[in-house]
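J.: sequence below, structure please.
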Amino acid sequence: MGDVLSQNEIDSLLQALSTGELDVEEMKDSPDKQVKNYDFMRPAKFSKEHLRTLEIIFEHYGRLLSTQLQVHMRKNVQVQVASSETVTFSEFSNALSNPVILGIINFSPLPGEIILEIQSNLGYAMIDRMLGGQGTPLDKTREFSEIELSILDRIMLMCMGLLREPWLNVVELDPYLERIETNSQFAQIVAPNEMIAIVTLNIKIGEVEGFMNVCLPFVTVEDVMDKLNTKFWFSTIQEEEGEGFQENIEAMLRRVEIPVKAVLGQSSISVWDFSLLQVGDVIRLDRSIEDDLSIYVGNLKKFTALPGVNKDNYAVRVTSVLREEE
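T.: Predicted coordinates for the structure are as follows:
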């Protein structure tokens with residue numbers, strides 16, 4: 001998180017530029033390298049590579065969530081990954097307002113819990129929609145009733161269940177919802193100075209828009225940090241897709257119906273003779289009864305065969321297979 005200038009500092013900087021105390025060109029041409037302070041008390045345990053992989057995971061999660069929410073809300077739902085960052089847990093919890101919707105989820109088999117936070121305006125809109133309303137949030141926030149918490153519990157269970165599939169390439173999860181908290185003070189899942197990754201999803205239900213924050217403590221995902229890189233991620237996806245793709249193609253090919261025809265022979269007659277044909281007339285073909293028939297698969301000559309019968313049906317017995325070079 002970068003340093004934020006106060007309004008007084010901004011005014012002082014603008015005044016220095018206008019009076020000539022600071023030269024913009026000199027600042028640009030300065031050969032001095034920019035040095036960034038590193039706080040060893042708050043080590044950056046999540047690299048940019050880790051955050052990018054988490055974004056990929058939750059992009060997949062967002063697609064699943066938008067589909068499921070449309071079924072429950074019966075309204076157009078859009079879910080997109082807005083941002084990802086790493087902060088301390090105290091910074092995350094201090095930024096929460098009350099009341100808030102916090103789903104405490106045990107991230108089994110990984111140790112510890114994660115938090116799914118849904119903004120209260122989204123929560124009110126979901127409750128209103130599921131109770132038959134238009135899906136509009138309240139003008140003034142208030143505490144959630146027992147009935148509303150029961151509805152939120154169902155929504156949170158649905159959100160939790162969708163976590164399994166996006167994480168399959170990293171770990172096979174078996175999460176379960178421990179509880180729902182509406183007060184951030186009762187959701188202390190890790191130490192205040194512990195580093196966490198926050199992935200923010202932008203959710204739009206009809207005209208109502210809000211955020212869902214996914215809080216992932218480092219201690220919870222530490223065991224799978226080596227798998228949270230794009231190289232491992234894409235290699236795993238390609239391997240799984242390669243195996244599955246081949247099996248699916250083979251399964252589909254087995255069910256494909258293709259035309260097969262046996263050509264007894266060919267003959268050319270005039271239009272006049274064709275118009276005079278009657279039942280019982282004989283057309284002489286260009287091959288004898290001892291010659292093999294040509295078997296076509298589609299428009300490709302693929303086999304030769306001898307004619308015959310099988311029970312009450314005409315049939316052929318394949319005598320040879322024609323290769324492409326033939």
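J.: all helices of the protein, in order?
T.: Assigned by DSSP state H, the helices in the chain fall at 7-19, 24-29, 48-73, 89-94, 120-130, 146-161, 218-221, 230-254, 271-275.
J.: in a markdown table: those helices, plus distance to residue 314 and mean neighbour count.
T.: C-beta: built from backbone N, CA, C; applies to glycine. What follows is the helices of the chain, written out as a markdown table (distance: least, CB to CB, whole Å; neighbours: other CB atoms under 10 Å):
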| stretch | distance to residue 314 | mean neighbour count |
| --- | --- | --- |
| helix 7-19 | 92 | 11 |
| helix 24-29 | 88 | 8 |
| helix 48-73 | 52 | 18 |
| helix 89-94 | 77 | 17 |
| helix 120-130 | 64 | 21 |
| helix 146-161 | 57 | 16 |
| helix 218-221 | 67 | 20 |
| helix 230-254 | 26 | 11 |
| helix 271-275 | 24 | 8 |
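J.: and the protein, split by domain according to the record?
T.: Structural domains assigned to the chain are 48-242, 260-321, following automatic domain parsing.
J.: and the average pLDDT for the last one is what?
T.: Put plainly, it is domain 260-321. Averaging pLDDT along domain 260-321 gives 86.
J.: and if you look at stretch 47-54?
T.: Mean predicted confidence for stretch 47-54 is 86.
J.: let me see the contact set for residue 172.
T.: Contacts here follow CB atoms under 8 Å, 6 or more residues apart in numbering; on that basis residue 172 touches 109, 164.
J.: if I look at it, how far off is residue 297?
T.: According to CB to CB, to the nearest Å, residue 172 and residue 297 sit 44 Å apart.
J.: now residue 116, nearest residue through space, not along the chain?
T.: Leaving aside its sequence neighbours, residue 116 sits nearest to residue 103 (CB to CB, 6 or more residues apart in numbering; 4.1 Å).
J.: got the confidence number for that neighbour?
T.: Reading off the model, residue 103 has pLDDT 90.
J.: what's the local residue count around it?
T.: Residues contacting residue 103 under the criterion other CB atoms under 10 Å number 25.
J.: my understanding was that it contacts residue 177; is that so?
T.: Yes. Using CB atoms under 8 Å, residue 103 is in contact with residue 177, at 6.1 Å.
J.: got any residues that touch both of the two?
T.: In contact with both residue 103 and residue 177: 156, 160, using CB under 8 Å, 6+ apart.
J.: distance to residue 14 added to the domains of the chain, as TSV?
T.: Compiled in TSV, the domains of the chain are given as follows (distance: least, CB to CB, whole Å):
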stretch	distance to residue 14
domain 48-242	29
domain 260-321	76
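J.: out of those, flag the one nearest residue 12.
T.: Between residue 12 and the domains of the chain, the shortest gap by CB to CB is with domain 48-242, which sits at 27.1 Å.
J.: and that closest one, how far from the chain's centre?
T.: 14 Å (CA atoms, centre = their mean, to the nearest Å).
J.: quick check, central residue of this protein?
T.: Centroid-nearest residue in the chain, with CA atoms, centre = their mean: residue 60, separated by 2.0 Å.
J.: so for that residue, what's the nearest residue that isn't a sequence neighbour?
T.: Using CB to CB, 6+ apart, the nearest residue to residue 60 is residue 166, at 4.1 Å.
J.: which parts of stretch 100-115 are buried?
T.: Within stretch 100-115, the residues that qualify as buried are 100-107, 110, 112-115, counting by 16 or more other CB atoms under 10 Å.
J.: could you tell me the end-to-end distance of that stretch?
T.: 12 Å (CA to CA, to the nearest Å).
J.: which residues sit against that stretch?
T.: 96, 116-120, 123, 144, 152, 156, 159-160, 163, 171-184, 187, 189-190, 213-217, 219-221, 223-224.
J.: any quick PyMOL command for the buried ones out of the residues you listed?
T.: To isolate the buried ones among the contacts of stretch 100-115 in PyMOL, judged by 16+ other CB under 10 Å, type:
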select buried, resi 96+116+117+118+119+120+123+144+152+156+159+160+163+171+173+175+177+180+181+182+184+187+189+190+213+214+215+216+217+219+220+221
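J.: and residue 241, what pLDDT?
T.: You'll see residue 241 listed with a pLDDT of 51.
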